[in-house]
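**Q** Just the structure for this:
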Amino acid sequence: MADATTLDLEEDEIFDMANLSEARTGIPGVVWISTRVAKHGPRVKYFEKAGADQPSFSVSIAENPAVLVGDLPERTIRRMSPEVIEWVRTNRAALLEFWNFGDTWMKEQVDAHLDGLVRLP
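**A** I've put the predicted structure just below:
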């Protein structure tokens, strides 16, 4: 199940990000997705466990996804990046849609979108 950070604004919710577990992605660890909230291009982050202070690496949401930056040990990045890259490649269109438009969606739309992401076998 995804954990979501929301900010209540009257009765509407503004959705910023989600921590996706192995149950949703098929990848051991946590894949963090967000809407366009930063000055950089579309990307996801991989964490071994959830938490803003945890080391991670980022993968571009691009036609040819690639590791961009990371502060996890190099051996962890080499071990986990192929799975994260494959998951991004598989879900690229949905991830870009969330990145570009997710901040305008209501919770029901976010939930339906997250439910539509493809889990790796």
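
**Q** dump the residue contacts of the residue nearest the centre of the chain.
**A** Centroid-nearest residue in the chain, with Cα atoms, centre = their mean: residue 33, separated by 2.2 Å. Contacts of residue 33 were listed using Cβ atoms under 8 Å, 6 or more residues apart in numbering, and they are 17-18, 20, 44, 95, 98-99. All C-beta spots, glycine's among them, are computed from the backbone N, C-alpha and C.

**Q** Just the closest of the residues you listed to residue 37, please.
**A** Nearest to residue 37 among the contacts of residue 33: residue 17, at 7.4 Å, using Cβ to Cβ.

**Q** Against residue 77, how distant is the closest one?
**A** From residue 17 over to residue 77 the distance is 21 Å, taken as Cβ to Cβ, to the nearest Å.

**Q** quick one, longest helix in this structure?
**A** For the chain, the helix with the greatest residue count under DSSP state H is helix 74-101.

**Q** Check whether the residue nearest to the centre of the chain sits in a helix, strand or coil.
**A** With DSSP: H, G, I helix; E, B strand; the rest coil as the basis, the three-state label of residue 33 is strand.

**Q** neighbours around residue 32, how many?
**A** Applying other Cβ atoms under 10 Å, we find 19 residues neighbouring residue 32.

**Q** any idea how far the nearest residue to it once chain neighbours are set aside is from residue 94?
**A** Leaving aside its sequence neighbours, residue 32 sits nearest to residue 45 (Cβ to Cβ, 6 or more residues apart in numbering; 4.3 Å). Separation of residue 45 from residue 94 (Cβ to Cβ): 17 Å.

**Q** cool, and residue 67?
**A** 20 Å.

**Q** Quick check: which ranges of the chain have low pLDDT?
**A** 1-15, 38 (pLDDT under 70).

**Q** Okay, and the beta partners of the residue nearest to the centre of the chain?
**A** residue 18 (DSSP bridges).

**Q** swap in residue 70?
**A** Assigned bridge partners for residue 70, using DSSP bridges, are residue 57.

**Q** picking up where we left off before, residues near the residue nearest to residue 32, how many?
**A** For residue 45, using other Cβ under 10 Å, the count is 20.
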